[in-house]
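A.B. asks: I'll drop the sequence and a predicted model, then ask my questions.
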Amino acid sequence: MGVILVGPIRTYSFHGCLPEEEKIGGNYLVNVKINADFSEAEKNDELSSTIDYCDVYQVVDREMAIRSKLIEHVAARIAEALKNEIAKIEKVKVTVTKIAPPMNGDVAEVSVIVSRS
């Protein structure tokens, strides 16, 4: 068993409850932590024996392009899609961070973390 970390993946997406967020968009960071058995890849040095980071990126990129009001929703979609589409994943944790959220105060970022086993 091992861990693969991918991120932060930077995106410009249009998530949020405010109408302005749908039009203007904002910057996001997505981090993915994957638990998987890649012991075979340690021995044979073959990409087919592990998880291709490009596949992880493509799922994140695709799901971040689908507008959601809540980053909780998009994080759950990413986690579910990764778990369903990449067979070698045993457990996945997705962190979606919204940079400079529109709030009544000076807040640098807001993050949510979603896990799936």
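C.D. replies: Arrived safely, thanks for sending. None of these values were measured; they are calculated from a predicted model. Numbers count the residues shown, from 1 in each chain.
A.B. asks: okay, helices next: where are they in the chain?
C.D. replies: 19-24, 39-44, 53-64, 71-85 (DSSP state H).
A.B. asks: which one of the ones you listed lies nearest to Gly105?
C.D. replies: helix 19-24 (16.9 Å; CB to CB). (Each C-beta comes from the backbone N, C-alpha and C, glycine too.)
A.B. asks: next one: that closest one to chain centre, how far?
C.D. replies: Relative to its chain's centre, helix 19-24 lies at 21 Å (CA atoms, centre = their mean, to the nearest Å).
A.B. asks: ok, Ile24 - contacts?
C.D. replies: Counting by CB atoms under 8 Å, 6 or more residues apart in numbering, Ile24 touches Phe14.
A.B. asks: re earlier: for the helices of the chain, which one ends up most surrounded?
C.D. replies: helix 71-85 (a mean of 19; mean count of other CB atoms under 10 Å).
A.B. asks: how much space between Lys98 and Glu42?
C.D. replies: From Lys98 across to Glu42, the span is 36 Å (CB to CB, to the nearest Å).
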